[in-house]
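Peer 1: With the sequence up front, the predicted model follows.
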Amino acid sequence: MSSNAPDTRLLLAKVSAVVRAGGAEPRPAPGFGLGAAVLDTAGAPWVLLAHDPVHAVGPALAWARKHSLASLQLLVDDPADAAVVARRAAAFDPAPSVWLAAPTGPVAVEAAAPERHHDVPSPEAELFAALFRELDLDLVVEHGVVTAEWLGLEVGRLVPAEVAGDDPGSGRLVLRVGVGHIDQIAGEVVNHDVTDSDALASAAAIVRRHRRADAVPHPLTLLVPERWLRRVVLAHPELVGATALVPVAPVPGRRNLRERGVAPLAGRDAAGRELVVVCSTGVDLDVIPAAADARLAHAPGARLVVALPEGDVHAVTVALAAQLAEPAEVVGIPGDWRALLDVPDRAGAGGGDRG
């Protein structure tokens, strides 16, 4: 018996109890890997989203589509998660119903309000912009957090001085150097007697050496590939029929560098229409709900394009894109998309053209 069998039985017992408390008799349904599912008396599927429910809307829709099940009912334990799930589900037509999984039966959920993000660097953050440019790094602002990136990978972050234990109450920002939060904390010890510019230049040189199309596979090559693809699309907007694009924040933000995610941009297409482009790689069943949520946050009603490496375009992704109330287009980026940016092999700072 597999180690997760008891968990599966408990989840099935829970979803059955909730459906039964709501007045229906549960019947067996095909297995659902991110939770548990039953059918009610009328044959409608009830799915308990037990694992990362906010990112499970797409998998639930794909599961229902695979098994030709209509009238999808989604159950969520946490009220805050349930509200976000309801917002994401509402982007589809037909839209799944979303319920709170209460012991007394399903409780209707009100969708969370759209997230609105208009991130711009503060005047304090702009003081670091010249340093980032000198090192050929991108200054990116997402959810109020300012980072320095090379091909989508964070090599530095600006944090309030009090967070870094330096000059509390001053309102200053200080630079933490490293790839991600843990590396940055460690870097404070290693770089305590090194200038910001030297520490950042050293970190950028290491990342630059490994994050290349022709590099030997390495963790720095493999992290957040969707953000690398976003950097390619930003340099070559014609790949998605755009004329001007800027990076915008994913909804919700990334929790860490290993988490699967999406990387959106906003701008206009060749016809002058508002456009949201969402970049992703691999097979991510939740990319379409995530893309719709990004459009809602940054440009409701805009044309929506999901950009994927050509080999990652699958029929289920295209089908879910068409199932949106305002359908999205799925665009495959042909060939070796990483090679579309001609990045010089530089060991140090300064200059460079990434497209």
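Peer 2: That came through fine.

Peer 1: Could you pull out the buried residues of the helix or strand hosting residue 125?
Peer 2: With secondary structure defined by DSSP states H and E, residue 125 is part of helix 123-126. For helix 123-126, a neighbour-count test (16 or more other C-beta atoms under 10 Å) marks residue 125 as buried. From N, CA and C alone the C-beta is placed, and that goes for glycine too.

Peer 1: Show the subsequent helix or strand relative to it.
Peer 2: Downstream of helix 123-126, the first helix or strand assigned by DSSP H and E is helix 129-134.

Peer 1: ok, residues contacting that following helix?
Peer 2: The contact list for helix 129-134 (C-beta atoms under 8 Å, 6 or more residues apart in numbering) reads 121, 138-139, 148, 156, 196-197, 200, 349-350.

Peer 1: Next: stretch 108-116.
Peer 2: Against stretch 108-116 from outside (C-beta under 8 Å, 6+ apart): 76, 79-80, 82-87, 89-90, 98-100, 251-252, 293, 296-297, 300.

Peer 1: Now go through the residues you listed and say which are in strands.
Peer 2: 76, 98-100 (DSSP state E).

Peer 1: thinking again about what came up before, which among the contacts of helix 129-134 gets closest to residue 306?
Peer 2: Using C-beta to C-beta, residue 138 comes nearest to residue 306 of the contacts of helix 129-134, at 22.1 Å.

Peer 1: and the residue nearest to the closest one when sequence neighbours are not counted, how many neighbours does it have?
Peer 2: Leaving aside its sequence neighbours, residue 138 sits nearest to residue 149 (C-beta to C-beta, 6 or more residues apart in numbering; 4.6 Å). Neighbours of residue 149 under the rule other C-beta atoms under 10 Å: 23.

Peer 1: related to what we said a few turns ago, could you pull up the mean pLDDT of the helix holding residue 125?
Peer 2: Here helix 123-126 scores 85 as its mean pLDDT.

Peer 1: Mind listing residues that contact it?
Peer 2: Under C-beta under 8 Å, 6+ apart, the answer for helix 123-126 is 139, 141, 146, 158, 171-173.

Peer 1: Give me the domain ranges for the chain.
Peer 2: 5-108, 123-221, 224-339 (automatic domain parsing).

Peer 1: Rebuild those domains as JSON lines, extending it with distance to residue 116.
Peer 2: Output for these, formatted as JSON lines (distance: least, C-beta to C-beta, whole Å):
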{"stretch": "domain 5-108", "distance to residue 116": "13"}
{"stretch": "domain 123-221", "distance to residue 116": "12"}
{"stretch": "domain 224-339", "distance to residue 116": "6"}
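
Peer 1: Which one, of these, ends up nearest to residue 117?
Peer 2: domain 224-339 (4.6 Å).

Peer 1: quick one: that closest one to chain centroid distance?
Peer 2: Mean-position distance between domain 224-339 and its chain equals 10 Å (C-alpha atoms, centre = their mean, to the nearest Å).

Peer 1: I'd like to know the average pLDDT value across it.
Peer 2: Computed over domain 224-339, the average pLDDT equals 95.

Peer 1: any weak-confidence spans in the stretch 1-150 of the chain?
Peer 2: Regions of the stretch 1-150 of the chain meeting the criterion pLDDT under 70 cover residues 1-6.

Peer 1: just checking, what's the longest helix in this structure?
Peer 2: helix 5-21 (DSSP state H).

Peer 1: Just the buried residues of that one, please?
Peer 2: Neighbour-count burial for helix 5-21 [16+ other C-beta under 10 Å]: 8, 11-12, 14-16, 18-19.

Peer 1: Now name the helix or strand holding the nearest residue to residue 177 once chain neighbours are set aside.
Peer 2: Leaving out its chain neighbours, the residue that sits closest to residue 177 by C-beta to C-beta, 6+ apart is residue 199, at 4.3 Å. Element membership for residue 199 (DSSP H and E) is helix 196-210.

Peer 1: by contact count, what packs against the next helix or strand along the chain from that helix?
Peer 2: Using DSSP H and E, the helix or strand that follows helix 196-210 towards the C-terminus is helix 219-222. The contact analysis (3 or more C-beta pairs under 8 Å, 6 or more residues apart in numbering; DSSP states H and E) places helix 219-222 against helix 196-210.

Peer 1: how far is the helix it packs on from where the chain is centred?
Peer 2: With C-alpha atoms, centre = their mean, you get 25 Å for helix 196-210.

Peer 1: separation between residue 48 and residue 33?
Peer 2: Distance of residue 48 to residue 33, given as C-beta to C-beta, to the nearest Å: 12 Å.

Peer 1: Which pair in the contacts of helix 123-126 has the greatest spatial separation?
Peer 2: 139 and 171 (19.3 Å).

Peer 1: Neighbour count: these two, which is higher?
Peer 2: Between residue 139 and residue 171, counted using other C-beta under 10 Å, the more crowded position is residue 139 (18 against 11).

Peer 1: How about that one, nearest residue that isn't a chain neighbour?
Peer 2: Among residues not flanking residue 139 along the chain, residue 132 sits closest, at 4.8 Å (C-beta to C-beta, 6+ apart).
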